[in-house]
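Trainee: Give me coordinates for this.
(chains A and B)
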Amino acid sequence: MIDWNLAVKIFFFGLGAVFSSLAILIAAIYTFGKILKSIERKTD
Amino acid sequence: MLDMVLTTGVVHLTIGNLIMWLIAFFFIYLAITKNYEPLLLVPIGFGILVVNLPLTFLMQEGEGLLWKFYHYGLEWEVIPPLIFLGLGALTDFGPMIANPKTLILGAGAQFGVYVAFFGALILGFKIPEACSIGIIGGADGPTTIYTTVHLAPHLLGATAVAAYSYMSLVPIIQPPIMRLLTTEKERKIKMRQLRPVSKKEKILFPLVTVVVICLIVPASAPLMAMFMLGNLFKECGVVKRLSDTAANELMNIVTILLGISVGATMSAEAFLKPQVIFVFIMGLVAFAFSTAAGILLAKFMNLFFKEKINPLIGSAGVSAVPMAARVSQIMGAKYDPKNFLLMHAMGPNVAGVIGTVVAAGVFLALAG
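Mentor: I've put the predicted structure just below:
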């Protein structure tokens, strides 16, 4: 007997984790990129 | 005399053994003559051949040589993370850092994983088995093996061979789907040249990524940590010896052990079952849906972004590095020879690896 509740949970949690972790990474890349740029500007 | 004859393997041969020999020879043939994933199909094919020689007991628990490779290499979770160390040392995240939007395409291409997951459930597989089958859609061999060893070790031979077979067939599977889902105008979209990425950004990326991903999905840590460590070796520039070893000698050694261990799981009794055919069918479904989802997501993103994305790079969101990115480049160049999509496609391509590891981590956490 398949536990469809668990299957649906895996689907939503899985896809949610994939999109949210990659979205956070995008935000981190933009943020750190800006910080590094401003540091470089200051040192120049 | 009869006793002596009975000690030979010849009289113990079964039809199943002979069928597996044919499969082994077919894999070795594909590897040598067609160059399909030769680094894996040669040891896998050889592993299949020798494990189907009667009375060799190569996979006998606690005794057999190949059992020891399998047990300490795969069941102890050593080999797949070491492969990821090597992959990290070979991966350039520059194109992805230069255009972070492409990370979303890597996420979208995981959709096929869940289509195959539900497809496998409908076909009667249990949840852990369905997870192992679904992850084939991520087109990432080591992740498929890692997930299957944990959740459905009896399916290891089938899922590993399906994953590597479809990865080598990317140039055949993807183009018809790409043509079906895009217009000629879309295939000709030119993307702006990527900005140069500084060394500092490249060093920071593996450190930030390992923290973010492992905080969100801790079960993905063994693969993600080694992937990012390998990349840090490459980008930091002060441990060239370690980076070279991870990318070359170590990678080659673990590839041999991985291939022969996977092949050794494919004895006639374990492999010749109807459910193996379903694994291959659902693996193909997963692959096709992942490709389609990446393309459709790129088209969807074009509705909102001023700078258009060529949807052909969406298909590279399935991992299969760098084959899937090359297919995007070839398809793009076919419709406009001056259109260079390779570096743009490398973004979703490496993002797909991260996305697949996250998906696998969730499977392991919830179905393990």
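
Trainee: quick one: B:L87 from B:F93, how far?
Mentor: 12 Å (C-beta to C-beta, to the nearest Å). For glycine as for every other residue, the C-beta is placed from the backbone atoms N, C-alpha and C.

Trainee: ugh, typo on my part, it should be B:M191
Mentor: Taken as C-beta to C-beta, the span from B:M191 to B:F93 is 18 Å.

Trainee: For the stretch 151-300 of chain B, give me the ranges with low pLDDT.
Mentor: Applying pLDDT under 70 to the stretch 151-300 of chain B flags no residue at all.

Trainee: For chain A, which residues are neighbours of chain B?
Mentor: Proximity of chain A to chain B (C-beta under 8 Å from any C-beta of the partner chain) is limited to residues A:2-4, A:6-7, A:9-11, A:13-15, A:17-26, A:28-30, A:32-33, A:36, A:40.

Trainee: How far does stretch B:116-132 sit from its chain's centre?
Mentor: Remark: stretch B:116-132 is offset 19 Å from the chain centroid, using C-alpha atoms, centre = their mean, to the nearest Å.

Trainee: again with stretch B:154-173
Mentor: The mean C-alpha position of stretch B:154-173 is separated from the chain mean by 8 Å, C-alpha atoms, centre = their mean.

Trainee: swap in stretch B:7-18?
Mentor: Relative to the centre of its chain, stretch B:7-18 is centred 34 Å away, using C-alpha atoms, centre = their mean.

Trainee: now swap in stretch B:162-177 and tell me
Mentor: 11 Å.

Trainee: residues making contact with that stretch?
Mentor: Around stretch B:162-177, the neighbours that count as contacts under C-beta atoms under 8 Å, 6 or more residues apart in numbering or on different chains are B:36-37, B:40-41, B:44, B:136, B:139-141, B:144-145, B:279-280, B:283-284, B:287-288, B:291-292, B:295, B:315, B:318, B:320, B:323-324, B:326-327, B:330-331.

Trainee: Check stretch B:360-367 too.
Mentor: Here stretch B:360-367 has contacts from A:6, A:9-10, A:13-14, A:17-18, B:127-128, B:131-132, B:134-135, B:138, B:143, B:146-147, B:150-151, B:213, B:217-221, B:223-224, using C-beta under 8 Å, 6+ apart.

Trainee: pLDDT averaged over stretch B:318-331, what's the number?
Mentor: Per-residue pLDDT values over stretch B:318-331 give a mean of 91.

Trainee: Send me it as PDB with only the CA atoms.
Mentor: Output of stretch B:318-331 as PDB, limited to C-alpha atoms (Å, rounded to 0.1, in the frame of the first residue of the first chain):
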ATOM      1  CA  VAL B 318      19.700  18.200 -16.600                       C
ATOM      2  CA  SER B 319      23.200  17.600 -15.200                       C
ATOM      3  CA  ALA B 320      25.000  15.400 -17.800                       C
ATOM      4  CA  VAL B 321      28.000  17.800 -17.700                       C
ATOM      5  CA  PRO B 322      29.100  18.900 -20.300                       C
ATOM      6  CA  MET B 323      27.300  16.900 -22.800                       C
ATOM      7  CA  ALA B 324      23.900  18.600 -22.300                       C
ATOM      8  CA  ALA B 325      25.500  22.100 -22.700                       C
ATOM      9  CA  ARG B 326      27.200  20.900 -25.900                       C
ATOM     10  CA  VAL B 327      23.900  19.800 -27.300                       C
ATOM     11  CA  SER B 328      22.500  23.300 -26.700                       C
ATOM     12  CA  GLN B 329      25.500  24.800 -28.400                       C
ATOM     13  CA  ILE B 330      25.200  22.500 -31.400                       C
ATOM     14  CA  MET B 331      21.400  23.100 -31.800                       C
END
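
Trainee: Which positions in it come out as buried?
Mentor: Of all the residues in stretch B:318-331, those buried under the rule 16 or more other C-beta atoms under 10 Å in any protein chain shown are B:318-329, B:331.

Trainee: Also stretch B:330-342?
Mentor: B:M331, B:G332, B:Y335, B:N339, B:L341, B:L342.
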